[in-house]
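>>> Compute the structure for the input listed below.
(one chain, ligands or ions: 1)
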Amino acid sequence: MVEKIHRHIIMLGPPGAGKGTQAAILSEKLGINTVSTGAVLREFSNSGTKEGNKVKALIDKGQMVSDKMMIKIMKEILSKPENVKGYILDGSPRSIPQAKGLDKMLASRKMKKLGQELDAVLYLQVPDDYVIERIIGRFQCAHCKTLYHERFKPTKVFGICDECGHKEFTRREDDTFETVVSRLRAFREVTAPLIPYYEKKGLLRCIDGTGPIDVVSEKIRKIVGY
Ligand SMILES: [Zn+2]
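Residues are numbered from 1 along each chain as shown. Next up is the predicted model:
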């Protein structure tokens with residue numbers, strides 16, 4: 001039995017586990033925003049503020065934004081009126097230091113007052129070979145941007161987009177075997193320690209992330225309680 005609907009959520013899982021897809025579904029069902037690290041950094045770096053410009057300079061140089069800076073940005077984002085109803089974090093925290101920083105920030109008086117404390121960490125579990133197949137099979141219509149997958153969602157007619165009929169497709173440059181393996185390794189080394197971290201706090205919910213999108217989102221629905 002779920003006592004209340006979870007509205008303060010972290011999506012956790014290896015690259016290619018379907019976090020973004022499931023976050024988008026949840027976001028629509030709950031009427032709350034997905035806060036993705038990439039989008040947050042882009043928005044902040046274009047804000048024209050002094051700190052925004054600092055972040056922009058870092059990104060332009062291809063450097064990482066420090067954990068401290070990241071938490072500061074998150075605090076600003078999670079204090080916005082449109083995010084007071086709740087949030088789904090996709091892509092952060094990425095490491096134990098970031099998780100600790102987030103905890104500290106969410107425990108601040110301001111955040112407590114806003115009711116922004118974490119409800120659940122949804123961990124999408126998928127085996128490595130599944131992730132590899134999922135990522136390297138992705139492609140996209142060059143014209144209308146519809147997403148496809150060689151095995152899981154091929155075009156109805158080979159080589160022709162279902163939606164717009166165009167015949168040109170693109171693949172993301174980093175969707176190669178080597179990149180996926182190195183991203184999986186980075187996940188295991190840097191991010192996976194968050195699993196026992198949140199388990200100890202009683203916030204971790206494990207979900208089998210294999211299988212069709214609607215099957216996975218139904219499992220999530222039961223946990224979140226909407
Ligand atoms: Zn198309």
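>>> which residues in this protein form helices?
19-30, 37-45, 50-60, 67-78, 96-106, 109-114, 128-136, 177-186, 194-200, 213-224 (DSSP state H).
>>> and the second one, average pLDDT?
Going back to what we said before, that points to helix 37-45. What helix 37-45 shows for mean pLDDT is 86.
>>> Name the residues of it that are buried.
37, 40-41, 44-45 (16 or more other Cβ atoms under 10 Å). Just so you know, the C-beta spots here come from the backbone N, C-alpha and C atoms, and that holds for glycine as well.
>>> what does the third one give?
Within helix 50-60, the residues that qualify as buried are 52, 55-56, 58, counting by 16+ other Cβ under 10 Å.
>>> Adding distance to the ion as columns, could you present the residues you listed in CSV?
Listed next are the buried residues of helix 50-60 as CSV, based on distance: Cβ to the ion, whole Å:
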residue, distance to the ion
Gly52, 35
Val55, 34
Lys56, 33
Leu58, 36
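>>> Can I get the buried residues of helix 37-45 in TSV including distance to Lys75?
Listed next are the buried residues of helix 37-45 as TSV, based on distance: Cβ to Cβ, whole Å:
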residue	distance to Lys75
Thr37	14
Val40	11
Leu41	14
Phe44	12
Ser45	16
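>>> Give me every residue in the chain lying close to the ion.
Within the chain, the positions near the ion by Cβ under 5 Å from the ion are 141, 143-144, 146, 161, 163-164, 166.
>>> Quick check on these: which are buried?
141, 146, 161.
>>> so what's the first one up against?
Contact partners of Cys141, counting by Cβ atoms under 8 Å, 6 or more residues apart in numbering, are 148, 161, 163-164, 166, 168-169.
>>> Check the second one too.
Shown here is Thr146, whose contacts under the criterion Cβ under 8 Å, 6+ apart are 140, 161-164.
>>> now it: how far from Lys56?
31 Å (Cβ to Cβ, to the nearest Å).
>>> Give me the residues contacting the helix or strand of the chain with the lowest mean pLDDT.
In the chain, the helix or strand scored least confidently by mean pLDDT, DSSP states H and E is helix 37-45, which has a mean of 86. Residues from elsewhere that reach helix 37-45 (Cβ under 8 Å, 6+ apart): 51-53, 55-56, 59, 65, 70, 73-74, 76-77, 90-92, 94.
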